[in-house]
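Colleague: The following block contains a protein sequence and its predicted model.
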Amino acid sequence: MPRVARIKTNNSMFHIMVHSISEIQLFNDTEDKEIYLALIKKAKAKFNFKLYAFALMNTHAHLVIDCFGSDISKVMHYLNLCYSIHYNNKYNRRGPVFQDRFKSKIIDSTKYLINVCSYIHANPKDLLGKDNKLINYPYNSLIDYMQGCNRFKILDSSFLVTLLGLNQTINKKQYYSFISHDIDTSIIKDVEIPFYMSQSNTTRTYIPRLLSPDLIINYVAHYLNVSPKYIYMKYSHEYTTLRALTCFMLHAFSNLSHKAISKLLGNISISRISSLINHGVYLASHISIIEDFIHLNAQ
């Protein structure tokens, strides 16, 4: 039976659910969960999306992802492929790890976003039992919101913090009380939000992913204070940084395939393009080139 096309747009926000096949647990120990979170961090660097909430259980995981212009299918394919490789290597097995494709639901309103995040933050209830507190479960973004931290360096909390006024102690207490006692974790329903919601400006932006290759090449060259012509020099190690950052940003913001980037830069091997993109991801994580570019081009 053919797959049904996934409903998506590149500036959508999604509730993502992934589940293991019935024969295995998705996460057998804390190392597995921390590996998955580390892979989310790598995926964020590669695709530049935003993560508003997460909860990792034993058999499944929930994420709230704001695509910010990226393709959710590419994001999840990368994330689940990398985790499947880790899982099969660690447990000396073959075959699928995840049940079907990931499930996704578009979040189309502020109220639905808050309902979904509340549901996700309450999800560990069944795992913890009645005698434990949600705030004690480490693989849940609730702790980050309640304590004002970002333990795994993956959470983009400011949007929800602004909506719920979670920078104020009284609102944190109301939110925690709500998810601890009032959320039915078997469903996500359209409940009335019984606590503070900000009326301030929480407008979302996104970065287009079909930008001109020339725009990106010229931007990177200007950022590094070199001539754009050096991007086409194949065998000069002096300009590896220029080529790596350009390849990464072409892949991320022009939506070019490895093959298309190879052709653009003079038929470099596909494996070399892949290596340059990965190096570009690493380099970009240590400078402000992506933040500056997004600031200039966000819509």
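Modeller: Alright, I've got the coordinates.
Colleague: Give the helix, strand or coil label for L211.
Modeller: Of the three states, L211 takes coil under DSSP: H, G, I helix; E, B strand; the rest coil.
Colleague: So it sits against F253, correct?
Modeller: Yes: using Cβ atoms under 8 Å, L211 is in contact with F253, at 4.9 Å. Quick note: C-beta positions are derived from backbone N, CA and C, even for glycine.
Colleague: overlap in contacts of those two?
Modeller: N297 (Cβ atoms under 8 Å, 6 or more residues apart in numbering).
Colleague: how about A55, what does it touch?
Modeller: Counting by Cβ under 8 Å, 6+ apart, A55 touches 61-62, 120-121, 123-124, 139-142.
Colleague: three-state assignment of it?
Modeller: With three-state DSSP as the basis, A55 sits in strand.
Colleague: ok, now S104?
Modeller: Here S104 takes the strand state, with states given by three-state DSSP.
Colleague: Surely it is in contact with H62?
Modeller: No: between S104 and H62 there is no contact under Cβ under 8 Å: 11.2 Å.
Colleague: any shared contact partners between those two?
Modeller: Common neighbours of S104 and H62, counting by Cβ under 8 Å, 6+ apart, are 15-17.
Colleague: Which of those residues are buried? Put it as a PyMOL command.
Modeller: Listed next is the PyMOL selection for buried residues among the shared contacts of S104 and H62, using 16 or more other Cβ atoms under 10 Å:
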select buried, resi 15+16
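Colleague: mind putting the shared contacts of S104 and H62 in TSV, secondary structure included?
Modeller: Converted to TSV, the shared contacts of S104 and H62 look like this (three-state DSSP):
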residue	secondary structure
H15	strand
I16	strand
M17	strand
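Colleague: Of the shared contacts of S104 and H62, which is the nearest to R204?
Modeller: Set against R204, the nearest of the shared contacts of S104 and H62 by Cβ to Cβ is H15 (15.7 Å).
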